[in-house]
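Participant: predicted model, plus sequence, below.
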Amino acid sequence: MTKAELIDAITAKLNMRKKDVAPVVDEVFAEIQGALAKGDKCTFVGFGVFEVRERAAREGRNPQDPSKVVVIPAKKVPVFRPGKDLKDSVVDAPISK
């Protein structure tokens, strides 16, 4: 699902106009992004948790020349941990091909 599809789904479900829903969706994403940028955790009970984790520095290899070792620096990465309700809804969903 894309952001546009999300806006369309909310618009249809709540019987609202796209121009009213789009700024709300944009603001939700902006607030989550802003909180993560400050190092805060965003917890949505039943849905999941967005947080920032520190990824340690490590050594990697150049695929074109495996004898060369490259140092990959430490960095912060955003992660998402799904909540119980979300996990359960995905596990119980039928598999489509």
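Facilitator: Good, I have the coordinates. These figures come from a predicted structure and were not determined experimentally.
Participant: residue contacts, the spatially most central residue of the chain?
Facilitator: Nearest to the geometric centre of the chain sits Phe80, at 5.6 Å (CA atoms, centre = their mean). Residues in contact with Phe80 (CB atoms under 8 Å, 6 or more residues apart in numbering) are Gly48, Val49, Phe50. For glycine as for every other residue, the C-beta is placed from the backbone atoms N, C-alpha and C.
Participant: grab the nearest non-local neighbour of the last one.
Facilitator: Same thing as Phe50. Cys42 (4.2 Å; CB to CB, 6 or more residues apart in numbering).
Participant: how close does the one you found sit to Val24?
Facilitator: 16 Å (CB to CB, to the nearest Å).
Participant: neighbour-wise, which of these two wins?
Facilitator: Counted by other CB atoms under 10 Å, Cys42 and Val24 do not tie: Cys42 has more neighbours, with 17 against 12.
Participant: hmm, that one is touching Val49, no?
Facilitator: Yes. Applying CB atoms under 8 Å, one finds Cys42 in contact with Val49, separated by 6.8 Å.
Participant: can you show me the CA trace of stretch 29-46 as CSV?
Facilitator: What follows is stretch 29-46, C-alpha atoms only, in CSV (Å, rounded to 0.1, in the frame of the first residue of the first chain):
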residue,chain,number,x,y,z
PHE,A,29,4.3,10.6,9.3
ALA,A,30,6.1,13.9,10.0
GLU,A,31,5.5,13.6,13.8
ILE,A,32,6.8,10.0,13.8
GLN,A,33,9.9,11.0,11.8
GLY,A,34,10.5,14.0,14.1
ALA,A,35,10.3,11.9,17.2
LEU,A,36,12.7,9.3,15.8
ALA,A,37,15.1,12.1,14.8
LYS,A,38,15.2,13.2,18.4
GLY,A,39,15.8,9.6,19.5
ASP,A,40,12.4,9.1,21.0
LYS,A,41,10.4,5.9,20.7
CYS,A,42,6.9,5.9,19.1
THR,A,43,4.6,3.2,20.7
PHE,A,44,1.2,2.4,19.2
VAL,A,45,-0.3,-0.3,21.4
GLY,A,46,-1.5,-3.2,19.4
